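Trainee: pasting the sequence and the predicted model now:
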Amino acid sequence: MKTAVSTVETKTWSLIYADFKEITKARLAVSVVFSSIAGYFLGALEINFISILLLSFGGYCMVGASNAFNQIIEKDLDVLMDRTKNRPIPAGRMTVNKALILAVVLTVIGIISLYILNPKTAMFGAISIFLYTSVYTPLKTITPLSVFVGAFPGAIPFMLGWVAATNDFGIEPGTLFMIQFFWQFPHFWALAWMLDEDYKKGGFKMLPTGKKDKGTALQIIMYTIWMLVISVIPVFGFTGRLHLSIPAAIVVFAMGLVMLVFAFKLYEKRDNKSARKLMLASVSYITLMQIVYVIDKFLQ
């Protein structure tokens, strides 16, 4: 009997954990934390592991809170789309009140954790939540410009790590912000291209022209070029303490060129397969670029 009860309890906790991961979008949150830690390593004069833990915990909480608020606001639209209809709220596994309590708790402990690091880090974290939930989310069903607005909170994590390490916002975190800002357009539009039919079921306007056409593909190419250029600017010595050696710049530039090739392929073929390849290339790019930046700093 005890074994049966124990099995039921284990399954219950397993489901709760699975729903927590779903409502906080765990994979996305972890990738955001990774970006923040990379920024921290770039900005830190000496590594403090307590600071890294606070940044990681606080960062996850802030992203998790943003995603929970987002799913509360979009609960009626999520039911309409195949990729979101099994989320905890539309599927009925979690009530709106419970999700709201979770989102508020995550926001509070996230801001406190980041504030312990320094007030500027907490401020940028709070700005990120506000822009994501109060501006980006409502605009998604109104205008494709929502992606431009959403790129601002999406670009904060990389520079947030630098601010966490230095308590300062200047040219260095500004450059990190711009790299991730321009990267988001080809990344997200490739994803939106793949999911266009599903997004339309929910009434979301995500592609810049509203269609999977040459106009959208051309904008993806242009933003990829901007990302490519900005990602190697530190090699010219314009960006304060943020340096990039010539070999590292060549590697980063080459990775950007690979992504640009996939963007041109999408322009040429305009199909979901090409969009998926570009999306996967963009995920590889942002991760490897940040690793190259960090390794390069410690090799110089």
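Mentor: Alright, I've got the coordinates. Numbers count the residues shown, from 1 in each chain.
Trainee: how is this structure partitioned into domains?
Mentor: 11-169, 170-300 (automatic domain parsing).
Trainee: just put those in JSON lines and tack on mean pLDDT and mean neighbour count.
Mentor: Any C-beta I mention is one placed from the backbone N, CA and C, and that applies to glycine too. Formatted as JSON lines, the domains of the chain follow (pLDDT from 0 to 100; neighbours: other C-beta atoms under 10 Å):
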{"stretch": "domain 11-169", "mean pLDDT": "91", "mean neighbour count": "19"}
{"stretch": "domain 170-300", "mean pLDDT": "94", "mean neighbour count": "19"}
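Trainee: what's near enough to touch the closest residue to Tyr136 other than its chain neighbours?
Mentor: Distances taken as C-beta to C-beta, 6 or more residues apart in numbering put Gly150 closest to Tyr136, at 3.9 Å, once the chain neighbours are dropped. Under the criterion of C-beta atoms under 8 Å, 6 or more residues apart in numbering, the neighbours of Gly150 are Leu131, Tyr132, Tyr136, Gln184, Phe188.
Trainee: quick check: the first one touching Phe148?
Mentor: No. At 11.2 Å, Leu131 does not count as touching Phe148 under the criterion of C-beta atoms under 8 Å.
Trainee: Ser113 is in contact with Gly58, isn't it?
Mentor: Yes. Ser113 is within contact range of Gly58, at 3.2 Å (criterion: C-beta under 8 Å).
Trainee: the spatially closest residue to Gly64 that is not a sequence neighbour and Leu55, how far apart?
Mentor: Leaving aside its chain neighbours, Gly64 sits nearest to Thr24 (3.2 Å; criterion: C-beta to C-beta, 6+ apart). Separation of Thr24 from Leu55 (C-beta to C-beta, to the nearest Å): 17 Å.
Trainee: for the stretch 201-300 of the chain, which segments are assigned as helices?
Mentor: Taking DSSP state H, counting those that start in this stretch, the helices of the stretch 201-300 of the chain run over residues 214-231, 246-269, 272-299.
Trainee: same thing with the stretch 1-150 of the chain?
Mentor: Under DSSP H, counting those that start in this stretch, the stretch 1-150 of the chain gives helices at 2-23, 26-43, 49-73, 75-78, 96-117, 119-130, 137-139, 146-166.
Trainee: for the ones you listed, which one sits closest to Lys200?
Mentor: Comparison of these against Lys200 by C-beta to C-beta identifies helix 75-78 as nearest, at 11.2 Å.
Trainee: can you tell me how far Gln71 is from Asp213?
Mentor: 30 Å.
Trainee: repeat that for Ile89.
Mentor: In terms of C-beta to C-beta, Ile89 sits 34 Å off from Asp213.
Trainee: pretty sure the residue nearest to Gly64 sits against Leu106.
Mentor: Yes. Applying C-beta under 8 Å, one finds Thr24 in contact with Leu106, separated by 7.3 Å.
Trainee: what do the two both touch?
Mentor: In contact with both Thr24 and Leu106: Gly64, Ala65, Ala68, using C-beta under 8 Å, 6+ apart.
Trainee: which single one of those is nearest to Met227?
Mentor: The closest of these, once distances to Met227 are taken by C-beta to C-beta, is Gly64, at 26.7 Å.
Trainee: just confirm that closest one contacts Arg27, I think it does.
Mentor: No. Using C-beta under 8 Å, Gly64 is not in contact with Arg27, being 11.6 Å away.
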